[in-house]
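[1] sequence first, predicted model second:
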Amino acid sequence: MITELYLTVWDSDPRRGSSLKERLDMFTENETALFSGEWEGFPCNDACFLSFDACGEPVLSIAQSVRRAGETVFILLVSDRNCDLTAMFRPKIRPSGVLFRPVENIHLREMLDEIVEEMDRLIQTETDDVFIFKSEGASRRVPFREILFFEASNKKVVVHTAGQEIGYYESIENLASTLPPYFIRCHRSFLVNTRKIEELRGADMELKLTGGVRIPISRSQRETVEQAIGTLRT
């Protein structure tokens, strides 16, 4: 069993997608998420299997949204051999592999093993640039450049990116001492990535981040935030 992977399947055909999900679940201890239809907060996870018949909408938009939400997500295409996949191979998507139907279990397992090997390689070469933590018994890896902010909630810390919210048991006080210097405390419950700040709204006592996300700042931390914006983002 592969314990380290969080997988997602999208398929316009729910029955076919369910079959692929069940087969992936045979190889991982973490249950695969299944989606169909239009984009509705599609989770990145470690790898997304996009299963489709025609290389058009909505799969193109979904693939681009997955890539925007996670630069390191592995995007795997699943289709018939007669399907023209040219439109999927573009900088805005950057798929990691292709599986043609009928997909055999051995090929699924080989793909998952390669994903794990590549994730391990990236960690070894980019440890300083990746936030590594354990959530629900599995090791998770999120590049710092993708993290918008950390939030303390119900004895957990929640990691917020553009497309994910992942909680794990930790105190925000302990976390603060381990992060790169461009992460600062802006509120007793929030640590923010200053490189994601677009605007400090003093009148509203809040920060506007990339993507329109807003988080509060406390009066006691306002001066610290202003100084950090002025020095760490230069």
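    Everything's here; your move. From a predicted model like this one, the values you see are computed outputs, not experimental measurements.

[2] against residue 193, how distant is residue 153?
    Noted for residue 153: a distance of 18 Å to residue 193, by C-beta to C-beta, to the nearest Å. To be clear about C-beta, it is placed using only N, CA and C from the backbone, and glycine gets the same treatment.

[3] so these two - more neighbours on which side?
    Each of residue 153 and residue 193 has its neighbours counted (other C-beta atoms under 10 Å); residue 193 has more, 23 against 12.

[4] quick one: contacts for the more buried one?
    Residue 193 sits next to 144, 147-149, 182-183, 209 when contact means C-beta atoms under 8 Å, 6 or more residues apart in numbering.

[5] who's it bridged to?
    Assessed by DSSP bridges, residue 193 has beta-bridge partners residue 183.

[6] quick one: low-confidence ranges for the protein?
    Counting by pLDDT under 70, the chain has low-confidence residues at 1-3, 38-44, 123-128, 137-138, 202, 231-234.

[7] how is it divided into domains?
    7-125, 130-232 (automatic domain parsing).

[8] neighbours of residue 56, how many?
    The tally of other residues near residue 56 (other C-beta under 10 Å) stands at 10.

[9] residue contacts, residue 94?
    By C-beta under 8 Å, 6+ apart, residue 94 lies in contact with 67, 75.

[10] before we move on, what about residue 95?
    Residues counted as contacts of residue 95 (C-beta under 8 Å, 6+ apart) are 63, 75-77, 88-89.

[11] report the secondary structure state of it.
    coil (DSSP: H, G, I helix; E, B strand; the rest coil).

[12] and it, how far from residue 175?
    34 Å.

[13] counting neighbours, what do you get for residue 70?
    Neighbours around residue 70, by other C-beta under 10 Å: 22.

[14] cool, and the one 3 residues further on?
    Residue 73 is flanked by 22 other residues according to other C-beta under 10 Å.

[15] backbone dihedrals for it, please?
    In terms of degrees, to the nearest 10, the main-chain angles of residue 73 are phi -70, psi 140.

[16] how distant is the helix or strand hosting residue 186 from the center of its chain?
    Element membership for residue 186, per DSSP states H and E: strand 183-187. Put simply, strand 183-187 sits 22 Å off its chain's centre (C-alpha atoms, centre = their mean, to the nearest Å).

[17] that one - contacts with which helices or strands?
    Helices and strands touching strand 183-187, by 3 or more C-beta pairs under 8 Å, 6 or more residues apart in numbering; DSSP states H and E, are strand 190-193, strand 214-216, helix 222-232.

[18] repeat that for 7 Å
    strand 190-193, helix 222-232 (3 or more C-beta pairs under 7 Å, 6 or more residues apart in numbering; DSSP states H and E).

[19] the first one: how far from the chain's middle?
    It stands for strand 190-193. Counting by C-alpha atoms, centre = their mean, strand 190-193 is centred 17 Å from the centre of its parent chain.

[20] next SSE downstream of that strand?
    By DSSP H and E, the next helix or strand past strand 190-193 is strand 197-201.

[21] sheet partners, orientation included, of that next one?
    By DSSP bridges, strand 197-201 pairs with strand 206-209 (antiparallel).

[22] distance from the partner strand to the middle of the chain?
    21 Å.

[23] show me the contact partners of it.
    With contacts defined as C-beta atoms under 7 Å, 6 or more residues apart in numbering, strand 206-209 is touched by 148-149, 186, 192, 196-201, 214-217.
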